[in-house]
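**Q** Okay, here's the prediction I keep looking at, along with the sequence it came from:
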Amino acid sequence: MWLRLLSIVFLILCGAFCGIYYSEKLKRRVSICNEAEKLMRSCAVMIRTSGADIFHIIKALKGEELCFLRFFYTLPEEFSTDCDIRKLWCDAIGNDQNMPGEEKDVLREFGSILGTSDTEGQLVAITSQLLRMEELREQRRLEYMQKGKLYRSLGVMAGVSVGIILI
């Protein structure tokens, strides 16, 4: 009897934790968008105030507190003739398994903008990418608000349902 009761409680907890996991996965997507916006704003400020090049920007970003955007830690901080920074940027983003596809696309385009034109041209292009990321963040936030609670509730309900079946 106790073993059956323990297994029911265990199944309920498994269902609840599964729902929480998927809910947190949605929340992580919102956080990725927030950090990507912070990254873009920081780059725009560096370009606007000092006309920073991409290597200076990478060096400065490594000092920022960005928990979800770790791809730029693999990028070089110093210029080298055999280094194609845009290819390295795209490869680093592609290798990040935790980042969703749409966010990867926006950040890839953002990386291709850096250092390609004069200051004003870069700032206009960054503003465009920033608007895309803000729209994506809002979409992710709404998705989390709608589906996050659903996932948590369904997880608990699935665990309870399996528990009732075992009784």
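**A** Sure thing, it's come through. Numbering: from 1, shown residues only.

**Q** From Trp89, how far off is Phe72?
**A** 8 Å (Cβ to Cβ, to the nearest Å). The way it works is simple: take the backbone N, C-alpha and C, and place the C-beta from them, glycine included.

**Q** Just give the closest residue to Glu134, not the sequence neighbours.
**A** Once flanking residues are discounted, Glu134 sits nearest to Glu37: 6.4 Å by Cβ to Cβ, 6 or more residues apart in numbering.

**Q** try Cys43
**A** Computed as Cβ to Cβ, 6+ apart, the closest residue to Cys43 that is not its neighbour in sequence is Ile57, at 5.4 Å.

**Q** element containing the one you found, please.
**A** helix 54-61 (DSSP states H and E).

**Q** what is the rounded mean pLDDT of whatever helix or strand comes next after that helix?
**A** Once helix 54-61 ends, the next helix or strand along the chain (criterion: DSSP H and E) is helix 85-95. Mean pLDDT, helix 85-95: 86.

**Q** CA atoms only for the helix holding Ile57, dumped as CSV, please.
**A** Presented in CSV, the C-alpha positions along helix 54-61 are these (Å, rounded to 0.1, in the frame of the first residue of the first chain):
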residue,chain,number,x,y,z
ILE,A,54,34.2,44.7,-33.8
PHE,A,55,37.2,43.5,-31.9
HIS,A,56,36.8,46.2,-29.3
ILE,A,57,33.1,45.4,-29.1
ILE,A,58,33.8,41.7,-28.5
LYS,A,59,36.3,42.5,-25.8
ALA,A,60,33.9,44.8,-24.0
LEU,A,61,31.0,42.3,-24.3
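
**Q** Next, the buried residues of that helix.
**A** Neighbour counts over helix 54-61 (16 or more other Cβ atoms under 10 Å) mark 54-61 as buried.

**Q** And stretch 22-38, by the same measure?
**A** The neighbour-count check on stretch 22-38 (16+ other Cβ under 10 Å) flags 22-23, 26, 28-38 as buried.

**Q** quick one: contacts of stretch 102-114?
**A** 29, 32-33, 36, 40, 43, 54, 57, 69, 71, 86, 89-90, 93-94, 96, 99, 122, 125-126, 129, 132-133, 136 (Cβ atoms under 8 Å, 6 or more residues apart in numbering).

**Q** The residue nearest to Glu134 sits in which helix or strand?
**A** Using DSSP H and E, the element containing Glu37 is helix 2-50.

**Q** helices or strands up against that helix?
**A** helix 54-61, helix 101-113, helix 119-166 (3 or more Cβ pairs under 8 Å, 6 or more residues apart in numbering; DSSP states H and E).

**Q** now those helices in a markdown table, with mean pLDDT and distance to Leu6?
**A** Shown next, in a markdown table, are the helices and strands packed on helix 2-50 (pLDDT from 0 to 100; distance: least, Cβ to Cβ, whole Å):
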| stretch | mean pLDDT | distance to Leu6 |
| --- | --- | --- |
| helix 54-61 | 83 | 49 |
| helix 101-113 | 90 | 41 |
| helix 119-166 | 88 | 11 |
